[in-house]
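Enquirer: Quick one: sequence and predicted model below, then my questions.
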Amino acid sequence: MVADRRPPFTPWRDGPPRFAVGLKPIEPALWLLPDTEAHTLPERALLLRDRDATHFQDETVLPAAREAVALAGRAMGLENDPSADAPPLWQLAHKVSDDLVLMMPGEEGWRVGAAVLTSPTFFSLPHAAGKTLHELHAPVPGGDGLATRIARVFDHVRPGQVLERFNWTLQAGKDRYTPDGEPLRARAQTARADEAQSLLHVRVERQTITKLPESGAVLFTIRVCIDPVAALASKEKTALAAAWHRADKAARGYKKWAVLDHLVAAALPTP
Ligand code: HEM
């Protein structure tokens, strides 16, 4: 954690989680830089040592993976091209903190062709590898319609555009590599209210999509920002508490927030 930092993104200001596409265009220059989570790169490099646990690539997508890394490399001003000896996305993952997912178009829709994940928010690489948008979003409330709408955006986004969206949750601890949310929930459930200040963290996912001109693939990036709730300014705490309490039953159920309620009550103001 960087001392005294403010969370770089504050999506709770827009209210409770909604299961909507919610993508907005941003300045292409802001796609990957500044990398607000660059301080996590050393920790990430340790995880990346186990390449099979953190990286997947379907052999047929190698040209698109190379294209994705070349595009990202140019956007980040990286001087060296990736070497042919290691998978392109895995190499790029040592230089940028975002998790990277390469989505390939196909007859059965958009599918995960390659991915590197070191900060998954409660899903795993084996779960995602090769899956379609519909399969991935089946557990999300309204997931079928959501997947159809995401596919439409992937079909129509133009190369050169960068689209951004956010989602967020709270968690008991600052854990970043979380393919399974259960250990965090177990920790929350057994935590005492007087531990809330040290334990409660806000987890923001900043996601972007970009179309690759040659292959027609989409690069989906996921940057995870984890900040202690205790360090938030009081007006952020108020906005976060309001968003938490306004979440509907479907959102609370999907996000499994009930185990956190006593910590939220102790660490955040009552709206
Ligand atoms: C930009 C397009 C996308 C949109 C709008 C989107 C939207 C969502 C939403 C609304 C959720 C529920 C949690 C939340 O974000 O609040 C979700 C969950 C998820 N998304 Fe996406 N998604 C997109 C792309 C993708 C892609 C490309 C992948 C590929 C790995 C993916 C994988 C997942 C997974 C694994 C979950 C968790 C599902 C579970 O609970 O098991 N999403 N997505």
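Expert: Received, thanks.

Enquirer: Let me know how buried residue 192 is, in neighbour terms.
Expert: When neighbours are counted by other Cβ atoms under 10 Å, residue 192 registers 10. Glycine gets a C-beta too; all of them are placed from N, C-alpha and C.

Enquirer: Quick check: pLDDT value at it.
Expert: Per-residue confidence (pLDDT) for residue 192: 97.

Enquirer: Quick check: the gap between it and residue 241.
Expert: Relative to residue 241, residue 192 is positioned 20 Å away (Cβ to Cβ, to the nearest Å).

Enquirer: is it true that residue 165 touches residue 25?
Expert: No: Residue 165 is beyond contact range of residue 25, at 10.9 Å (criterion: Cβ atoms under 8 Å).

Enquirer: The two: which has the busier surroundings?
Expert: Set residue 165 next to residue 25 and count neighbours by other Cβ under 10 Å: residue 165 wins out with 16 against 10.

Enquirer: Please identify the buried residues of stretch 26-45?
Expert: Residues 31, 32, 35, 36, 37, 40, 41, 44 are the ones in stretch 26-45 that count as buried (16 or more other Cβ atoms under 10 Å).

Enquirer: Let me know the closest of the residues you listed to residue 213.
Expert: In terms of Cβ to Cβ, no member of these lies closer to residue 213 than residue 31, at 14.7 Å.

Enquirer: Look at the closest one and report its pLDDT.
Expert: For residue 31, the model assigns a pLDDT of 98.

Enquirer: which ones are touching the residue lying closest to it once chain neighbours are set aside?
Expert: Counting by Cβ to Cβ, 6 or more residues apart in numbering, residue 162 is the residue found nearest to residue 31 once chain neighbours are left out, at 4.6 Å. Contacts for residue 162 (Cβ atoms under 8 Å, 6 or more residues apart in numbering) come out as 25, 26, 27, 28, 30, 31, 208, 209, 210.

Enquirer: And the fourth one, how far from residue 127?
Expert: By that I understand residue 28. 31 Å.

Enquirer: Tell me the secondary structure of the residue in the stretch 101-250 of the chain that the ligand sits nearest to, please.
Expert: Ranked by Cβ to the nearest ligand atom, the top residue of the stretch 101-250 of the chain for proximity to the ligand is residue 167, at 3.3 Å. Secondary structure assignment for residue 167 (DSSP: H, G, I helix; E, B strand; the rest coil): strand.

Enquirer: ok, it - contacts?
Expert: Residue 167 touches 11, 17, 204, 205, 207, counting by Cβ under 8 Å, 6+ apart.

Enquirer: Show me what the helix or strand where the third one lies is packed against.
Expert: Secondary structure assigned from DSSP states H and E places residue 204 in strand 200-211. For strand 200-211, the packing partners by 3 or more Cβ pairs under 8 Å, 6 or more residues apart in numbering; DSSP states H and E come out as helix 143-156, strand 162-172, strand 218-228, helix 261-267.

Enquirer: so where's this protein shaky on pLDDT?
Expert: Residue ranges of the chain with pLDDT under 70: 1-4.

Enquirer: Which residue ranges of it form helices?
Expert: 41-48, 51-54, 62-76, 88-92, 125-128, 133-137, 143-156, 182-190, 196-199, 234-246, 249-255, 261-267 (DSSP state H).

Enquirer: highest average neighbour count across those helices?
Expert: Sort the helices of the chain by mean neighbour count, taking mean count of other Cβ atoms under 10 Å, and helix 88-92 sits at the top with a mean of 24.

Enquirer: Tell me how far that helix lies from the chain's centre.
Expert: Computed by Cα atoms, centre = their mean, to the nearest Å, the separation of helix 88-92 from the middle of its chain amounts to 17 Å.

Enquirer: how about that helix, does it get close to the ligand?
Expert: No: Helix 88-92 lies out of reach of the ligand by Cβ under 6 Å from any ligand atom, never closer than 12.7 Å.

Enquirer: Using CSV, list the CA coordinates for that helix.
Expert: What follows is helix 88-92, C-alpha atoms only, in CSV (Å, rounded to 0.1, in the frame of the first residue of the first chain):
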residue,chain,number,x,y,z
PRO,A,88,3.1,-12.1,-25.0
LEU,A,89,0.4,-11.3,-22.4
TRP,A,90,2.4,-13.0,-19.6
GLN,A,91,5.4,-10.8,-20.6
LEU,A,92,3.3,-7.6,-20.6
